[in-house]
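>>> Only the shape, not the letters, is given here:
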């Protein structure tokens, strides 16, 4: 999962040209969100399924990546327990971001409450 936050686009909701956050999953742009008004546009039919596929792809490449890191910088292995302890929080942050984008365009907020 990659979030690019320095894209300048014209928002379809507020009409302002400004900064947008772009969400990439497996090297494909899946969603964008306007930094001005918060309007999100999802370009994927099922963002959760795309996120799960991206997470599975990253996880499947992990053993090869770790093995290459051991040979390149063996001292960094000492930091791995701390990185492993922080990883669930990073995954929760990613899932929260995907959830915000998934719910954003379908349930617009009105005065802090979502429309039913």
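Noted; the coordinates are in hand. Given the structure is predicted, the values throughout are model-derived calculations rather than measurements. Numbers count the residues shown, from 1 in each chain.

>>> Now do the same contact list for residue 3.
Residue 3 makes contacts with 21, 22, 23, 24, 97, as judged by CB atoms under 8 Å, 6 or more residues apart in numbering. Bear in mind the C-beta positions are built from the backbone N, C-alpha and C, glycine included.

>>> model confidence over stretch 26-41, on average?
Regarding stretch 26-41, the rounded mean pLDDT is 87.

>>> meant to ask about stretch 85-104
Rounded mean pLDDT across stretch 85-104 is 89.

>>> Next one: residue 61 from residue 39, what distance?
34 Å (CB to CB, to the nearest Å).

>>> out of these two, which sits in the busier spot?
Neighbour totals were compared for residue 61 and residue 39, and residue 39 leads with 16 against 10 (other CB atoms under 10 Å).

>>> phi, psi of the more buried one?
Phi and psi for residue 39, reported as degrees, to the nearest 10, are phi -70, psi 130.

>>> That one and residue 12 touch, don't they?
Yes: at 7.2 Å, residue 39 counts as touching residue 12 under the criterion of CB atoms under 8 Å.

>>> shared neighbours of the two, which are they?
Counting by CB under 8 Å, 6+ apart, no residue touches both residue 39 and residue 12.

>>> for the host helix or strand of residue 48, packing partners?
Using DSSP states H and E, residue 48 sits within helix 47-72. On a contact count with 3 or more CB pairs under 8 Å, 6 or more residues apart in numbering; DSSP states H and E, helix 47-72 meets strand 17-25, strand 28-34, helix 80-103.

>>> Show me the one of these that comes nearest residue 48.
helix 80-103 (6.5 Å; CB to CB).

>>> rewinding a little: which of the contacts of residue 3 ranks first by neighbour count?
residue 23 (25 neighbours).
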